[in-house]
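**Q** Quick one: sequence and predicted model below, then my questions.
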Amino acid sequence: VSPFDAETAKQVARNVRKVNYSFSARSWEEVSSDATAFIAALLQKDLTQRLTALEALEHPWLKDLAPNASDQPLPMMRQLELWVQDNRRSRDLFLHHNR
């Protein structure tokens, strides 16, 4: 299961929390190994293994401007956009009800 392949932000969060994902889904075929290594390092459940913000900024995939990346659009981007929109709606609804 792709970490972002879910219907709702809640399901994505559950996949990430349970470390219930892999990068073998078809939507990840065009993603470079550098990018998947970067994402996997950010999604580590164990805080001691997870990249800090500073470490993330120093990661070769970001620092070297993704040298092995393709310029083709990624199939999973639409799913990620939907997740971000859903997450924003959930946050806004939460903030509205907790004023």
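**A** That came through, no problem. All values reported here derive from a predicted model rather than from experimental measurement. Residues are numbered from 1 along each chain as shown.
**Q** What segments of the protein are helices?
**A** Listed in chain order, the helices of the chain (DSSP state H) span 9-17, 33-42, 53-58, 60-63, 77-97.
**Q** what separates residue 87 from residue 37, distance-wise?
**A** 24 Å (C-beta to C-beta, to the nearest Å). To be clear about C-beta, it is placed using only N, CA and C from the backbone, and glycine gets the same treatment.
**Q** Please read the previous query as pertaining to residue 77.
**A** Applying C-beta to C-beta to residue 77 and residue 37 gives a distance of 19 Å.
**Q** Give me the more crowded residue out of these two.
**A** Higher neighbour count among residue 77 and residue 37: residue 37, with 14 against 11, using other C-beta atoms under 10 Å.
**Q** Now for the more buried one: which residues touch it?
**A** Residues in contact with residue 37 (C-beta atoms under 8 Å, 6 or more residues apart in numbering) are residue 61.
**Q** confidence score at it?
**A** Note on residue 37: pLDDT of 89.
**Q** what angle separates the lowest-mean-pLDDT helix or strand in the chain from helix 9-17?
**A** Every helix and strand of the chain was ranked by mean pLDDT, DSSP states H and E. The lowest is helix 77-97, at a mean of 75. Angle of helix 77-97 versus helix 9-17, following axes from the mean of the first three to the mean of the last three C-alpha atoms, to 10 degrees, is 110 degrees.
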